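> no letters, just coordinates:
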C-alpha cells in the first residue's frame with residue numbers, strides 16, 4: 001500500500017516508518033518543518049509538506065493514498081493549556097481525511113474501502129470515570145479527543161475500514177523524548193525528588209514504541225472496520241514503582257506528594273499524575289494476533305537510556 005502518515009516525524013512515527021517499509025509498504029509522511037522533513041526523508045519515506053491546518057492538503061494526500069494512519073496532534077497547544085483548540089484541530093483534520101476516504105466532501109458517500117487508522121488514548125476512559133479495567137468495548141459518548149475517535153469509528157458505516165488505536169499514557173523506548181516518562185524525569189531533576197501523588201497506587205498502562213508501531217501496521221492491514229484497539233502491554237504499573245525507578249537512576253529519593261501540593265510540584269502534569277488507568281488489550285491481541293515482544297516499562301527504565 002501507499003500509506004499517508006501524519007505525525008511521521010514524531011515519536012511513534014519514527015518507529016512506524018521503518019515498520020511499514022520493512023513490510024513492503026510505501027510511506028508518505030506529513031512534515032510541517034524542514035527539520036521534520038529531513039527526519040522523515042532520512043527514514044526512507046517520501047515527504048508531504050503541510051500541517052494539520054492544511055485541510056485541502058490533507059484531503060489531497062489521503063485521496064492519493066491506499067490508506068492513512070493519523071498520528072499527529074497539537075501537543076504543544078495541549079501542554080500550553082489550550083486543549084480545546086488542539087482537539088478542534090484534530091477533529092477538523094480527521095474530517096478532512098474522512099472527506100477523501102468516503103469519496104465525497106460530506107462524509108456521507110459510498111466510501112472507497114480504504115483503511116484509516118486513528119489515534120486516541122486509554123486515559124480518556126479513566127477521565128470519563130469508567131470503573132475497573134478498561135477494554136476495547138468501552139465507549140464514551142463524546143468529549144475531549146473522544147469526538148474524533150467516534151468520528152473515525154463511524155466511518156465504518158460509509159465503507160471506510162476505520163479503526164482507532166488507544167495508546168497508553170506511557171509509550172516508552174529510546175525514541176521517547178517528550179512523553180510522560182521524560183516529563184516525570186524532568187520534574188524529578190528540577191525538584192530534587194522523584195514524586196508520586198499520595199500513596200502512588202494509581203496505575204498507568206504502558207507499551208513499547210516498537211510493539212505499538214507493529215500494531216499500527218497490523219491495524220492498517222487487517223483491522224475490521226469500526227475497531228477500537230488497545231495498544232497495551234503492561235496493564236497497569238503503579239506510579240510509585242515508576243517514581244522509585246526514576247529516583248534510583250537519578251540518585252534521589254522517591255517521595256509522596258500530597259494532593260494539595262500536586263499543582264506546585266507537577267505543574268501542568270498534575271491532572272495526569274493521579275490518573276488510575278488500568279487497561280486490557282485481550283481483544284486486540286486476539287483479533288490482530290498481536291503479541292508485544294519488547295521490554296515492559298520498568299525493565300525499559302532499568303536499561304538506563306532515559307537517564308543519559
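Nice, thanks for sending it over. Remember, predicted model here, so these are calculated numbers, not experimental data. Numbers count the residues shown, from 1 in each chain.

> make sure residue 112 is actually in contact with residue 98.
No - taking CB atoms under 8 Å as the definition, residue 112 is not a contact partner of residue 98, at 10.7 Å. Glycine gets a C-beta too; all of them are placed from N, C-alpha and C.

> neighbour count winner among those two?
residue 98 (29 against 19; other CB atoms under 10 Å).

> beyond the helix or strand bottoming out on mean pLDDT in the chain, next helix or strand please.
None of the helices or strands of the chain scores lower by mean pLDDT, DSSP states H and E than helix 75-79, at a mean of 70. Counting by DSSP states H and E, the element after helix 75-79 in chain order, helix or strand, is helix 83-101.

> now that next one: mean pLDDT?
Averaging pLDDT along helix 83-101 gives 93.

> list the buried ones in that helix?
The neighbour-count check on helix 83-101 (16 or more other CB atoms under 10 Å) flags 86-87, 89-91, 93-101 as buried.

> now swap in stretch 15-22 and tell me
15, 16, 17, 19, 20.

> I'd like the residues you listed as TSV, with distance to residue 59 appended.
Converted to TSV, the buried residues of stretch 15-22 look like this (distance: CB to CB, whole Å):
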residue	distance to residue 59
15	27
16	22
17	22
19	26
20	22
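
> in helices, which of those residues appear?
Per DSSP state H, helices hold the following members of these: 15, 16, 17, 19, 20.

> mutual contacts of residue 112 and residue 98, please.
Residues touching both residue 112 and residue 98 (CB atoms under 8 Å, 6 or more residues apart in numbering) are residue 160.

> re earlier: let me know the closest of the buried residues of stretch 15-22 to residue 266.
Checking the buried residues of stretch 15-22 against residue 266 with CB to CB, the nearest one is residue 15 at 27.5 Å.

> any idea how far the closest one is from residue 176?
According to CB to CB, to the nearest Å, residue 15 stands 10 Å off from residue 176.

> any shared contact partners between those two?
Joint contacts of residue 15 and residue 176 (CB under 8 Å, 6+ apart) are residue 209.

> ok, residue 96 - contacts?
With contact taken as CB under 8 Å, 6+ apart, residue 96 is in contact with 55, 56, 58, 59, 62.

> make CSV out of those and add pLDDT, secondary structure and distance to residue 304.
Formatted as CSV, those follow (pLDDT from 0 to 100; DSSP: H, G, I helix; E, B strand; the rest coil; distance: CB to CB, whole Å):
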residue, pLDDT, secondary structure, distance to residue 304
55, 97, helix, 43
56, 97, helix, 46
58, 97, helix, 39
59, 97, helix, 45
62, 97, helix, 41
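
> I'd like to know which of those residues are buried.
Looks like the contacts of residue 96 have 55, 58, 59, 62 buried, using 16+ other CB under 10 Å.

> my read is that the second one contacts residue 95, right?
No - Residue 58 is beyond contact range of residue 95, at 9.3 Å (criterion: CB under 8 Å).

> which residue ranges of the chain form helices?
11-22, 34-42, 55-63, 75-79, 83-101, 123-127, 146-154, 180-191, 209-222, 239-250, 262-266, 270-273, 282-288, 297-301.

> which one of these lies nearest to residue 233?
Nearest of those to residue 233, taken as CB to CB: helix 209-222 at 6.2 Å.

> tell me the domain ranges of the chain?
Following automatic domain parsing, the chain resolves into domains at 2-170+207-233, 178-206+235-307.

> deepest of those domains, which one?
Mean neighbours per residue, mean count of other CB atoms under 10 Å, is largest over the domains of the chain for domain 2-170+207-233, with a mean of 20.

> where in the stretch 51-200 of the chain is pLDDT low?
77-82, 104-110 (pLDDT under 70).

> one more time with 90
By pLDDT under 90, the low-scoring segments of the stretch 51-200 of the chain are 73-87, 103-112, 144-145.

> who does the residue nearest the centre of the chain bridge with?
Ranked by distance to the mean C-alpha position of the chain (CA atoms, centre = their mean), the top residue is residue 167 at 4.4 Å. Beta-bridge partners for residue 167, by DSSP bridges, are residue 121.

> could you do residue 208 as well?
Here residue 208, judged by DSSP bridges, has bridge partners residue 172.

> separation between it and residue 137?
For residue 208 relative to residue 137 (CB to CB), the value is 25 Å.

> what do you get for residue 302?
Taken as CB to CB, the span from residue 302 to residue 137 is 34 Å.
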